[in-house]
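Engineer: quick one, what's the 3D model for this:
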Amino acid sequence: MIIPSSYLLPFFEQWLKGLGRAVVGNGRVRLVGALERSTFELKCTINWSMTKSGSKKRKKLSSSSSTEAASSAEGKGDEAFESGKSAAMATNEGVNETPSLVDVWNVLTEIKANTVKLVVDVELLKANYNELKGSLYSTKSQVDALVTENIAVKSKLKLLEEQVLTSKKELEELKQRLYDVEGSHDDLEQYTRKFNLVIHGIPEREEEDNVQNVISLGNILKVNLTRGDIDIVHRLHTKNKTKTRPIIVRFSNYNAKSQLYKARINLRNATLHDLGAEKIFINENLTAWRARLFREARNVMKKFHNGKTWTVDGKIFLKTDLTAKVLKIDSYEDLRTL
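Structural biologist: Below you'll find the model as predicted:
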């Protein structure tokens, strides 16, 4: 940095105090008075440096002079000039030297490179930001579409739930109707078996008269039966061929069937040698569903010491104890409550 000559004028005026005066013109400093014959051309630069604490700047002045004179001056002017020059050099001895222009240029070049890199990074960040922004908008659109679709699905689901509830209700109604129909059908089928009895334990023979076997059983139990009281009699088919097949009897009147069925309690003390049997059991001819329910009732009664179960005209009854109340069993649910 070139220092204007006007900046140096006060300095030289102080330096030449008492010896003359200094005049500035055309970038030169001219001494007038005692040193009028000598002219100095000064070029000065300012160098900035930091002190050891890093907080104060100082100036360093370097000067070069060229002397244009026909003859050299003697006396006090030369001595003053030399003493001023020595004082200026002594003033700058304690100042740190500043970096050269090459060093400054290298630092500026590095700063420029870092600035360019920062600009590139900023542009890259801006591009990434715009990309993320676009992706965010796309995602938001997708989310909005999914929300709309979810609302539609919820509406359909609610409608389906209502339809399912309606279907369940209808199914329950159909189940109840089916249960009622099956119950009515079972009651009707049981009613057709009202005149029937099933007799277990009478041994089979090659040529046997099952009507006579039933009449003979009635005589053992002190029930007077005739052939006219019996409508149909035959043995039932069974899966187990090794066991004696039971005899099913259809009576022509309910009274004959009822008397023989009630007399079954005398089988415990009866003599059955005439029929060649050891034990005989008389049961009502139950439907398949009632037979399973009656079998389950007998199994339940095993947990009661004095429990008892029986049927009358296809209806199932039981007592958990000799003094307990008679219960009518119409379903498996009635057995679960015992």
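Engineer: distance check, residue 231 against residue 244.
Structural biologist: Plainly put, residue 231 is 23 Å away from residue 244 if you go by Cβ to Cβ, to the nearest Å. The way it works is simple: take the backbone N, C-alpha and C, and place the C-beta from them, glycine included.
Engineer: also residue 157?
Structural biologist: According to Cβ to Cβ, residue 157 and residue 244 sit 63 Å apart.
Engineer: what is the strand or helix carrying residue 114 packed up against?
Structural biologist: For residue 114, the host element (DSSP states H and E) is helix 101-192. Counting contacts by 3 or more Cβ pairs under 8 Å, 6 or more residues apart in numbering; DSSP states H and E, helix 101-192 is packed against helix 288-301.
Engineer: taking the mean pLDDT, what do you get for the helix holding residue 114?
Structural biologist: Mean per-residue pLDDT for helix 101-192: 92.
Engineer: pull out the buried positions in stretch 254-268.
Structural biologist: For stretch 254-268, the neighbour count (16 or more other Cβ atoms under 10 Å) marks 256, 257, 258, 259, 260, 261, 263, 264, 267 as buried.
Engineer: who has more neighbours out of residue 157 and residue 244?
Structural biologist: Remark: of residue 157 and residue 244, residue 244 carries more neighbours, 14 against 11, as counted by other Cβ atoms under 10 Å.
Engineer: would you mind listing where this protein has pLDDT under the threshold?
Structural biologist: Counting by pLDDT under 70, the chain contains low-confidence ranges at 1-97.
Engineer: break it into its domains for me.
Structural biologist: Taking automatic domain parsing as the domain assignment, the ranges for the chain are 5-91, 99-192, 196-336.
Engineer: run the chain-centre distance for stretch 331-338.
Structural biologist: In terms of Cα atoms, centre = their mean, to the nearest Å, the centre of stretch 331-338 is found 43 Å from the chain centre.
Engineer: now do the buried residues in that stretch.
Structural biologist: For stretch 331-338, burial by neighbour count (16+ other Cβ under 10 Å) applies to 334, 335.
Engineer: identify the residues contacting it?
Structural biologist: 293, 296, 297, 300, 320, 327, 328, 329 (Cβ atoms under 8 Å, 6 or more residues apart in numbering).
Engineer: generate a ChimeraX selection restricted to the buried subset of those residues.
Structural biologist: Buried members of the contacts of stretch 331-338, defined by 16+ other Cβ under 10 Å, are picked up in ChimeraX with:
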select :293,297,300,320,327,329
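Engineer: got a markdown table for the contacts of stretch 331-338, with distance to residue 136 too?
Structural biologist: Rendered in a markdown table, the data for the contacts of stretch 331-338 read as follows (distance: Cβ to Cβ, whole Å):
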| residue | distance to residue 136 |
| --- | --- |
| 293 | 70 |
| 296 | 69 |
| 297 | 73 |
| 300 | 71 |
| 320 | 76 |
| 327 | 74 |
| 328 | 75 |
| 329 | 72 |
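Engineer: need the max-distance pair from the contacts of stretch 331-338.
Structural biologist: Largest separation among the contacts of stretch 331-338 by Cβ to Cβ: 293 and 320, giving 16.8 Å.
Engineer: ok, now which ones touch residue 204?
Structural biologist: So residue 204 contacts 235, 244, 245 (Cβ under 8 Å, 6+ apart).
Engineer: redo that, cut-off 10 Å
Structural biologist: Applying Cβ atoms under 10 Å, 6 or more residues apart in numbering, one finds that residue 204 lies in contact with 210, 235, 244, 245, 247, 276.
Engineer: among those residues, who's most crowded?
Structural biologist: Neighbour tally across the contacts of residue 204 (other Cβ under 10 Å): the maximum, 22 neighbours, falls on residue 247.
Engineer: hmm, that residue is touching residue 233, no?
Structural biologist: Yes. Using Cβ atoms under 10 Å, residue 247 makes contact with residue 233 at a distance of 6.3 Å.
Engineer: mutual contacts of these two, please.
Structural biologist: Jointly contacting residue 247 and residue 233 under the rule Cβ under 10 Å, 6+ apart are 197, 199, 210, 211, 213, 214.
Engineer: now residue 309, what's its secondary structure?
Structural biologist: strand (DSSP: H, G, I helix; E, B strand; the rest coil).
Engineer: geometric centre of the protein: which residue is closest?
Structural biologist: Per Cα atoms, centre = their mean, the C-alpha nearest to the average position across the chain is that of residue 150, at 17.1 Å.
Engineer: need phi/psi at residue 284.
Structural biologist: Per-residue torsions, residue 284: phi -70, psi 150 (degrees, to the nearest 10).
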